[in-house]
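1. Next come a sequence and a model predicted from it.
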Amino acid sequence: MSTQTVSIGVQGMTCGHCVRSVDEELRALPGVTDVHVDLVSGATSQVTITSTEPLADEAVQDAIAEAGYTIAPPRSLL
């Protein structure tokens, strides 16, 4: 079984409760085997999701929103 890993920035997380909320919502998605959150209070936290099947962007975004947070917009290199 192959796995894939996706990293996203999440805005608005400030504490351990925030981390647990995001973790629980993402782990509820089909195929998710691991979630790691690098909490940066007051800034964009890095969330890494490992899954055994492809994750739809919309499903990840909905899970983050359900936890009460938003995905950070991609940063431009310009």
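-> Now that the structure is in, tell me what you want to look at. Numbers count the residues shown, from 1 in each chain.
2. any weak-confidence spans in this structure?
-> Within the chain, the ranges that satisfy pLDDT under 70 run 1, 76-78.
3. go with 80
-> 1, 74-78 (pLDDT under 80).
4. Helices along that one, start to end?
-> With DSSP state H, the ranges of helices along the chain come out as 16-27, 57-67.
5. In a markdown table: those, plus mean neighbour count and distance to Thr44.
-> Glycine gets a C-beta too; all of them are placed from N, C-alpha and C. Listed next are these as a markdown table, based on neighbours: other CB atoms under 10 Å; distance: least, CB to CB, whole Å:
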| stretch | mean neighbour count | distance to Thr44 |
| --- | --- | --- |
| helix 16-27 | 17 | 13 |
| helix 57-67 | 15 | 12 |
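6. nearest to Gly42, of those helices?
-> Across the helices of the chain, Gly42 has its closest neighbour in helix 16-27 (11.3 Å, CB to CB).
7. And the closest one, what does it pack against?
-> Counting contacts by 3 or more CB pairs under 8 Å, 6 or more residues apart in numbering; DSSP states H and E, helix 16-27 packs against strand 32-38, strand 44-51, helix 57-67.
8. For these, give me a markdown table that also has distance to Asp23.
-> Formatted as a markdown table, the helices and strands packed on helix 16-27 follow (distance: least, CB to CB, whole Å):
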| stretch | distance to Asp23 |
| --- | --- |
| strand 32-38 | 5 |
| strand 44-51 | 9 |
| helix 57-67 | 9 |
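9. List the contacts of the spatially most central residue of the chain.
-> Centroid-nearest residue in the chain, with CA atoms, centre = their mean: Val47, separated by 4.4 Å. Contacts for Val47 were tallied using CB atoms under 8 Å, 6 or more residues apart in numbering; they are Ser7, Ile8, Gly9, Val10, Val22, Leu26, Val35, His36, Val37, Asp38, Ile64.
10. between these, which is nearest Ala72?
-> Gly9 (3.4 Å).
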